[in-house]
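**Q** Predicted model and sequence below, questions to follow.
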Amino acid sequence: MYEWHKECPQDIKKSLESFFNSKDFLDRPNVFYKGVVPAIYCIEDSSKKWVALIAFTGLEETHRMVCEKLKFTFTPLHAARSTTFSQVNPAPRLPLPAAYNKFIKDIIKANKAQKSQERLIQWKATLDCATNMVLDAPGVRAAPTTGTSPAAATAAAAVVDLTGTDDEESGQNTPASATTTTGSTTITASLQDGGMWFISVDIESHEYNHDRILEIGWSIWDSGVHKFMDKHYAISDYRHLKNGKFVADRRDRFMFGETVWENLQGSIAAFQQDLEKAARRNENGQFVLIAHDMTSDMKYLSQMGVTFPEGMIQFDTLEMNAARVGDSNCKMGLGKLLDEVDIENYCLHNAGNDAHYTLELFLWLTRNNGLQRA
């Protein structure tokens, strides 16, 4: 007999239990009393309920009831099992254990395939949304792409020399000019352009105790000036803790600026301040937060007390890449993915470096998707 409680996923089990208790199921008297089999509502074991249900109603009726209730779609069962399931006998006849086993596994397989397809459709829509946001962001200038890969175009657009200071009281940037050359096009921009901020974030925790946050890094791309601004905070509270056995410890290898040693509270405050600045840069308060495998990073940030402005839009480069390759099960690590799309990278597992490369990857994915659509 199928080992229901060992093999059936919890979501399927809950759905089927709900089905057994539904009015649609309970209102069918022919299911309850027939022959010598006890009433199904008196049977506690789910697998026995299914055996009795299939024996009483036949496979086709069972399929119809399940499809109607749980919204599953089923392919016809293998012909070898048709003699077991398709016959509706006047007396109860239990299916063979192997056939019943296969029937339940078909349900699980169909459910997984359906959910996988739904995720892929959702992630593809997310990738298209991210692409539109990058292309339509305030201040974005079109850079020549003829003969240039998306990664090279991204890198060229980001090479900017910008100097400016923050007015802490007003929360606005003091205007500063920026000039960059991409191909034959010269771009001149100012912080007054009000470009949208795209912020990627990464967190490094201790390999033996993930509650101990060792680093917080974030990178900002301003659509108005095509510039990266990178920040890396090493948490002084846990200076004595080091990785190295399972994850490389590269706190001192930040490639895009100076590392700031600060306690956890001060580091969170600095990140929070940049989130609020990002929200103030345009009238609707929109900005983008990006991470690679965002679930874990968002969990850390929430636990640390970070509050997210209402206009924040989230994108996960792990999901965006899965949409690119058309496989919802593609969960490629950051380093391997950067190598695959030919983005040079150094000293990963430094939170600041990872945040910067995640942002480069995000821009590559959106511009590559834009070229594919064109």
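**A** Sure, I can see it.

**Q** Just the mean pLDDT for the host helix or strand of Lys105, thanks.
**A** Counting by DSSP states H and E, the element that carries Lys105 is helix 97-136. For helix 97-136, mean pLDDT is 82.

**Q** counting contacts, what elements does it pack onto?
**A** With contacts taken as 3 or more C-beta pairs under 8 Å, 6 or more residues apart in numbering; DSSP states H and E, helix 97-136 sits against helix 10-20, helix 46-57, helix 82-85, strand 312-316, helix 317-325, helix 351-373. (C-beta placed from N, C-alpha, C; glycine too.)

**Q** By mean pLDDT, show me the worst of those.
**A** When I compare the helices and strands packed on helix 97-136, helix 82-85 is least confident, with a mean of 42.

**Q** tell me the contacts of Cys347?
**A** 250, 253-255, 353 (C-beta atoms under 8 Å, 6 or more residues apart in numbering).

**Q** what residue ranges in the stretch 201-350 of the chain score low on pLDDT?
**A** In the predicted model, the stretch 201-350 of the chain carries no residue with pLDDT under 70.

**Q** where exactly do the strands run in it?
**A** All strands of the stretch 201-350 of the chain, identified by DSSP state E, counting those that start in this stretch, fall at 213-222, 227-235, 259-262, 287-291, 312-316.

**Q** Compile these into TSV and extend it with columns for distance to His349 and mean neighbour count.
**A** Listed next are the strands of the stretch 201-350 of the chain as TSV, based on distance: least, C-beta to C-beta, whole Å; neighbours: other C-beta atoms under 10 Å:
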stretch	distance to His349	mean neighbour count
strand 213-222	9	26
strand 227-235	12	23
strand 259-262	14	16
strand 287-291	15	25
strand 312-316	19	17
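
**Q** any chance of the ones you listed in TSV, plus distance to Ala125?
**A** Formatted as TSV, these follow (distance: least, C-beta to C-beta, whole Å):
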stretch	distance to Ala125
strand 213-222	22
strand 227-235	27
strand 259-262	38
strand 287-291	16
strand 312-316	12
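
**Q** do you know which of these lies nearest Tyr357?
**A** strand 213-222 (8.4 Å; C-beta to C-beta).

**Q** between that closest one and helix 97-136, how many degrees?
**A** If you take axes from the mean of the first three to the mean of the last three C-alpha atoms, to 10 degrees, strand 213-222 sits at 50 degrees to helix 97-136.

**Q** wait, doesn't Arg251 sit right on Ile216?
**A** No: contact criterion C-beta atoms under 8 Å: Arg251 and Ile216 do not qualify, at 11.1 Å.

**Q** before we move on, back to that, which members of the contacts of Cys347 are the farthest-apart pair?
**A** Arg250 and Met255 (9.6 Å).

**Q** rewinding a little: and of the strands of the stretch 201-350 of the chain, who's closest to Thr131?
**A** For Thr131, the closest of the strands of the stretch 201-350 of the chain is strand 312-316, at 10.3 Å, according to C-beta to C-beta.

**Q** Run me through the strand neighbours of that closest one, direction for each.
**A** strand 287-291 (parallel) (DSSP bridges).

**Q** Do I have it right that Gly195 meets Arg281?
**A** Yes: Gly195 is in contact with Arg281 according to C-beta under 8 Å; the separation is 7.2 Å.

**Q** how about the helices of the stretch 151-300 of the chain, start to end?
**A** Ranges of helices within the stretch 151-300 of the chain are 264-279, 294-303, based on DSSP state H, counting those that start in this stretch.

**Q** Make TSV from those helices and add distance to Arg373 and mean neighbour count to it.
**A** Converted to TSV, these look like this (distance: least, C-beta to C-beta, whole Å; neighbours: other C-beta under 10 Å):
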stretch	distance to Arg373	mean neighbour count
helix 264-279	27	17
helix 294-303	24	16
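
**Q** that older thread, Gly335: which of the contacts of Cys347 is nearest?
**A** Set against Gly335, the nearest of the contacts of Cys347 by C-beta to C-beta is Asn353 (10.6 Å).

**Q** can you list contacts of stretch 237-256?
**A** Contact partners of stretch 237-256, identified using C-beta under 8 Å, 6+ apart, comprise 204, 206-207, 209, 212-215, 217, 219, 228, 230, 232, 234, 259, 261, 263-264, 346-350, 352-353, 356.

**Q** How about it, which residues are buried there?
**A** Of all the residues in stretch 237-256, those buried under the rule 16 or more other C-beta atoms under 10 Å are 238, 241, 243, 249-251, 253-254, 256.

**Q** May I ask which two of these are separated the most?
**A** Between any two of these (C-beta to C-beta), the greatest distance is 23.6 Å, for Leu241 and Phe256.

**Q** returning to what we had before: now the helices of the stretch 151-300 of the chain in JSON lines, with distance to Ile121?
**A** Formatted as JSON lines, the helices of the stretch 151-300 of the chain follow (distance: least, C-beta to C-beta, whole Å):
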{"stretch": "helix 264-279", "distance to Ile121": "29"}
{"stretch": "helix 294-303", "distance to Ile121": "19"}
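
**Q** Glu319 touches Cys129, doesn't it?
**A** No: counting by C-beta under 8 Å, Glu319 stays clear of Cys129, with 11.6 Å between them.

**Q** These two: which is more packed in?
**A** Set Glu319 next to Cys129 and count neighbours by other C-beta atoms under 10 Å: Glu319 wins out with 22 against 14.

**Q** okay, now the domains of this structure?
**A** Structural domains annotated on the chain: 4-115, 137-373, as defined by automatic domain parsing.

**Q** what about the last one, how long is it end to end?
**A** Its first and final residues considered, domain 137-373 spans 18 Å by C-alpha to C-alpha, to the nearest Å.
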